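**Student:** Fold the following and give me the result.
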Amino acid sequence: MKRLETAAFALLFACSPAVAATSSWVETPGGDVRLVALPANADGTVRAMLDIRLHDGWKTYWRDPGGSGIPPSVAVSGAELTAVGFPAPKRLGDQTNHYIGYDAPVRLPLTLAKPEGGAITATVFLGVCKDICIPVQAELTADASAESFANPLEAMAISDADATLPHGAGDGFKPLSGQWAADGKSISVRFEAPAEGALPDVFLSGTSTFEFGAAGPVRRDGGVFVADVPVLHKPKVFDLTKNPIKLTVRAGDKTMESPLAIE
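**Tutor:** Reported below is the predicted structural model:
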């Protein structure tokens, strides 16, 4: 798998002038993408999702790709984007060119606020990769403002997307602590996770100014797990009380995501 920055690629751009609660699909060689949005709730929030339909053999990136590639970018007009949800990712590539992402269709739930009462447009930039990596830029428009109730199929699709997100911390599956290495180039993570099956996979993510690499081998330490995660880029100024680093863990078919307290 070639790095997105160095591959020979074509930039794909498409506009979707939809006037429904679901935009048209924007089609690319590696996958298709659309926006689904529901009517605003009583509190003014809007549930939506970015639907990425990868073709066989193609892959796309998580919010922190692990040093190779670029994360999905979503900018919204017609409402305020307050959150983007990401299912727990997988390690992809090989030892020479490792990255973090998805190798199957994936749906990213969006939470929007303060809709302006008309169409909502999401400008999306993401990378899809196979033998080469193709950056895809799409403008997706959906308008549910005239609908008094949600289309059941669209509501179910967004609920299904929400269900793929990692659960929060709980008994037996939670972060315990994180500790900077003396040189600041890695973080040692301690956590509890289900002990049956293969060792868990560990991922860290922070604000866009942080960049983390692939976690080293997970090891047991008594009744807990430990992993060392490289810090590929650390900003000079940051406030983890306002923007904490998140720990995401995949243990078999169970996933967890929670802020990580770092000493």
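**Student:** ok, residues contacting stretch 73-84?
**Tutor:** Stretch 73-84 is contacted by residues 45-46, 50, 63, 72, 108-116, 118-126 when judged by CB atoms under 8 Å, 6 or more residues apart in numbering. Where you see a C-beta, it was placed from the backbone N, CA and C, and this is true even at glycine.
**Student:** which among these end up buried?
**Tutor:** By neighbour count, with 16 or more other CB atoms under 10 Å, the contacts of stretch 73-84 hold 45-46, 50, 63, 72, 108-112, 115, 119-122, 124-126 as buried.
**Student:** So which of the residues you listed are in strands?
**Tutor:** Members of the buried ones among the contacts of stretch 73-84 lying in strands (criterion: DSSP state E): 46, 50, 108-112, 120-122, 124-126.
**Student:** Could you tell me the model confidence score at Ile262?
**Tutor:** Looking at Ile262, its pLDDT stands at 94.
**Student:** any idea which element Ile158 lies in?
**Tutor:** Using DSSP states H and E, Ile158 sits in helix 152-163.
**Student:** and that helix, what other elements does it pack with?
**Tutor:** strand 31-37, strand 46-54, strand 106-113 (3 or more CB pairs under 8 Å, 6 or more residues apart in numbering; DSSP states H and E).
**Student:** average pLDDT for that helix?
**Tutor:** Here the average pLDDT along helix 152-163 is 96.
**Student:** gap between it and the chain center?
**Tutor:** 17 Å (CA atoms, centre = their mean, to the nearest Å).
**Student:** List of residues touching it?
**Tutor:** By CB under 8 Å, 6+ apart, the residues outside helix 152-163 that reach it are Ala21, Thr22, Val36, Leu38, Arg47, Ala48, Met49, Asp51, Gly85, Arg107, Leu108, Pro109.
**Student:** Serialize those to CSV and add fields for distance to Ala215.
**Tutor:** CSV is the format used below for the contacts of helix 152-163 (distance: CB to CB, whole Å):
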residue, distance to Ala215
Ala21, 39
Thr22, 37
Val36, 33
Leu38, 36
Arg47, 32
Ala48, 31
Met49, 28
Asp51, 29
Gly85, 22
Arg107, 25
Leu108, 23
Pro109, 25
